[in-house]
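K.L.:
Show me how the following folds:
(one chain, ligands or ions: 1)
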Amino acid sequence: MKECKTLQEVREEIDKIDDELVELIAKRNRYIHQAASFKNSIEEVKDEDRIDAVKQRVRAKAIELDVSPNMISELFTKMIDEMVESEIAQFRDTTNF
Ligand SMILES: O=C(O)C(=O)C[C@]1(C(=O)O)C=C[C@@H](O)C=C1
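P.N.:
Model (predicted):
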């Protein structure tokens with residue numbers, strides 16, 4: 001990690017990380033759309049067991065990296081909720097459900 005000399009430099013680094021985060025979320029979203037094509041029902045699209053497993057995994061990762069697990073849980077809950085809705089919309093579009 002870079003040792004910054006000024007607040008301006010810190011903010012430039014934060015901006016770069018924010019761009020990377022958004023790019024990664026967009027990439028995750030594209031995989032969500034691929035996932036829809038492997039599913040045969042709305043129950044499969046909204047797979048509660050898998051959602052729980054994802055959330056548990058990222059909570060454990062947050063603890064390992066010393067980041068608030070509650071913050072990570074909230075971020076992932078919001079992100080997955082939105083992605084499930086968009087996966088359902090895509091599923092309905094492609095299956096005329
Ligand atoms: O793993 C899947 O089946 C996905 O579609 C991905 C994902 C996720 O966002 O992680 C989204 C919807 C599912 O309900 C479960 C998990």
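K.L.:
Could I get the average pLDDT for the biggest helix by length in the chain?
P.N.:
Ranked by residue count and defined by DSSP state H, the top helix of the chain is helix 7-36. The average pLDDT within helix 7-36 is 97.
K.L.:
From the contact counts, what lies against it?
P.N.:
Judged by 3 or more CB pairs under 8 Å, 6 or more residues apart in numbering; DSSP states H and E, the packing partners of helix 7-36 are helix 69-95. Where you see a C-beta, it was placed from the backbone N, CA and C, and this is true even at glycine.
K.L.:
cutoff 10 Å now
P.N.:
Contacts defined by 3 or more CB pairs under 10 Å, 6 or more residues apart in numbering; DSSP states H and E place helix 7-36 against helix 42-45, helix 69-95.
K.L.:
Just tell me which of these ends up closest to Gln8.
P.N.:
Evaluated over those, closeness to Gln8 peaks at helix 69-95, with 26.1 Å, by CB to CB.
K.L.:
Report all helices and strands that the closest one contacts.
P.N.:
With contacts defined as 3+ CB pairs under 10 Å, 6+ apart, the packing partners of helix 69-95 are helix 7-36, helix 42-45, helix 48-64.
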